[in-house]
Every structure is written in C-alpha cells, then in structure tokens.
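**Q** just the structure for this:
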Amino acid sequence: MKKLLIYDDVTPVTRKAHGPLSLKKGKTYEFARQTNAVPVVLAEFPLAAGEYAIVFTEANEGIVPAVILGARDKENAYVGADGNWGANYVPAFVRRYPFVFATDDKAETFTLMIDQSYSGFNAEGKGERLFDAEGENTAFLNNTLNFLREYQAQFTRTRAFGKKLEDLGLLEPVEARVPLPNDPTRRLTGFKIVNRDKLKALAADQLAPMLKNDELELIFLHLFSLRNLNRLHEKLAALVTQEAEPVV
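**A** Now for the predicted structure:
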C-alpha cells in the first residue's frame, strides 16, 4: 500500500545506514503510475497551469492545491506505457522522489527520508553517493536538502493561501464530467475551485492586498488552468483505448 501517495518504504537517511550507498535516478516515472493527483506549491502555478488542471483539495494539512492526473483510483494518465511523463512540466512533488521530509507533530523538526523500495537505490556505486568516504554529505545530498527545504518553505506559504481562500468563502465544491468510451457517466469529484462571482464580490480593501502580493494572479492562473480538464479528458480516453487493445 502506498504511503504519501507515491512512497512505499520510507526510512530516515543516516550515515550509518546509507554511508556506502548510492542512488541512480532513472528516467521512468513508474513509481507514480497509480497516483491520480499530486499537490503543487504556489511557485509552480505559472508552469503547471499550462498543462494541468489546478484545483483545491482538503488534506490533513488543510486546503492545498493539486493537479489532477486521472479520474479513477490508481490511475495516472500522464505516465505512458514506457514510463515517460506525458507533459513538459513535472510537478516538484514527483521530482523530489525518492526523498521526502518527515516532520514532528509541531512541524518544528524535519528529517530527511528516502523510499528504500526505489529501484535506483544500490550498493554497487551506481549513480550518486549520499555520503563521501569521510561520512560527510556529498554535493548531491546537499542539493537535495536545499531543494526539499525550498519546497517545504513554499508549502507553508501555499497552505496559508489555501486557508485564506477558504476563510474568504471563495472556494466551492464542483464536479466535472469526463465521459469515457466504457464509462459515459464518469465524473471527477472531491475538489474545489474559486467561484468567480464570489471573487468579484470581494470589497476593494480585501482585493487590494491580494493584488499587491500576487494572490490575484495565482487565482487567475488557477481559473485559467481549468481548461486543461479537456486535455485530461483526451489523455484518459487514449488510456482507456490503450487498455482495451488486445495483447498480441
């Protein structure tokens, strides 16, 4: 059973356990094949909005934005049969794999974790070492830590943005029809979007700071991205057709 959407067997990274080990990151995204949505942070909106539908979902962390990748459980229309990602921009949540930060209940302490089930994790020296011969972090591991720290900082801001939209009463639950050849009544549910009329009804003193800190731009990118539900529909239809083709 998957944990944290795409992780199977996470464990803390330590010099004692992982000192002699290496990581060879492949080009396949097979590990994300059964994930139908992943979170995105605000810094990703400009690129993600061009290729995915960005919506808002309720998670343990609060209201967070996510990109829709499939319409059924364990379905990702963006991972091809060859394991390649079918879009130019790959979300940071996916790119950080097999690493992830774990935190305590107060979110004050963060621990670097790795998915030990990842096929590129090895003791044969293939790829990048995590620690050097003296047991110190390699440049690769430090770059990974910097990437995760930046992601965590962005996630904190992203969570605050979701809470603000909810507090302002701008979000509404919706569903989208994605009729498929073998399932003409298929619908996407369980997500929220910004209600345009409620946004227009905000008072000037509420809109002004949102304009100044780029929150309005983020909202417009979110609304613009919803057109990509049509792109998702096309990918899902192609996936269903591929599944229905006989094996020869």
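
**Q** what about the residue nearest to residue 49 when sequence neighbours are not counted, neighbour count?
**A** Spatial nearest neighbour of residue 49, excluding adjacent residues (C-beta to C-beta, 6 or more residues apart in numbering): residue 225 at 3.9 Å. Quick note: C-beta positions are derived from backbone N, CA and C, even for glycine. Using other C-beta atoms under 10 Å, residue 225 is surrounded by 23 other residues.

**Q** for residue 225, give me phi and psi.
**A** In terms of degrees, to the nearest 10, the main-chain angles of residue 225 are phi -70, psi -20.

**Q** how much space separates it from residue 153?
**A** 23 Å (C-beta to C-beta, to the nearest Å).

**Q** which residues are in contact with the residue nearest to residue 157 when sequence neighbours are not counted?
**A** Closest residue to residue 157 apart from its sequence neighbours, by C-beta to C-beta, 6+ apart: residue 42 at 6.0 Å. Under the criterion of C-beta atoms under 8 Å, 6 or more residues apart in numbering, the neighbours of residue 42 are 65, 154, 157-158, 161, 218.

**Q** do the same with residue 125
**A** Contacts of residue 125 (C-beta under 8 Å, 6+ apart): residue 22.

**Q** 10 Å - rerun?
**A** 20-22, 24 (C-beta atoms under 10 Å, 6 or more residues apart in numbering).

**Q** buried residues in the lengthiest helix in the chain, which are they?
**A** Taking DSSP state H as the criterion, the chain has its longest helix at helix 139-167. Buried residues in helix 139-167, counting neighbours by 16 or more other C-beta atoms under 10 Å, are found at 140-141, 144-145, 148, 151, 154-155, 158-159, 161-162, 165.

**Q** average pLDDT across it?
**A** Helix 139-167 carries an average pLDDT of 95.

**Q** now do that helix: distance to the chain's middle.
**A** 12 Å (C-alpha atoms, centre = their mean, to the nearest Å).

**Q** again with stretch 198-210
**A** 29 Å.

**Q** buried set for it?
**A** So for stretch 198-210, counting by 16+ other C-beta under 10 Å, buried means 199, 210.

**Q** please apply the same query to stretch 213-226.
**A** In stretch 213-226, counting by 16+ other C-beta under 10 Å, buried: 215-216, 218-219, 221-223, 225-226.

**Q** phi, psi for the nearest residue to residue 183 once chain neighbours are set aside please.
**A** Of all residues not flanking residue 183 in the chain, residue 240 sits nearest, at 7.8 Å (C-beta to C-beta, 6+ apart). Backbone torsions of residue 240, given as degrees, to the nearest 10, read phi -60, psi -40.

**Q** isn't residue 240 right up against residue 180?
**A** Yes - Residue 240 is within contact range of residue 180, at 5.0 Å (criterion: C-beta atoms under 10 Å).

**Q** what sits in contact with each of these two?
**A** Residues touching both residue 240 and residue 180 by C-beta under 10 Å, 6+ apart: 71-72, 186.

**Q** and which of the buried residues of stretch 213-226 is nearest to residue 58?
**A** residue 222 (16.0 Å; C-beta to C-beta).

**Q** go ahead and confirm the closest one touches residue 46.
**A** No - the pair residue 222 / residue 46 is not scored as a contact, 11.3 Å apart, by C-beta under 10 Å.

**Q** how about the strands in this protein?
**A** For the chain, the strands defined by DSSP state E occupy 10-12, 22-23, 37-39, 54-59, 62-68, 99-103, 110-115, 121-122, 128-129, 171-177, 187-194.
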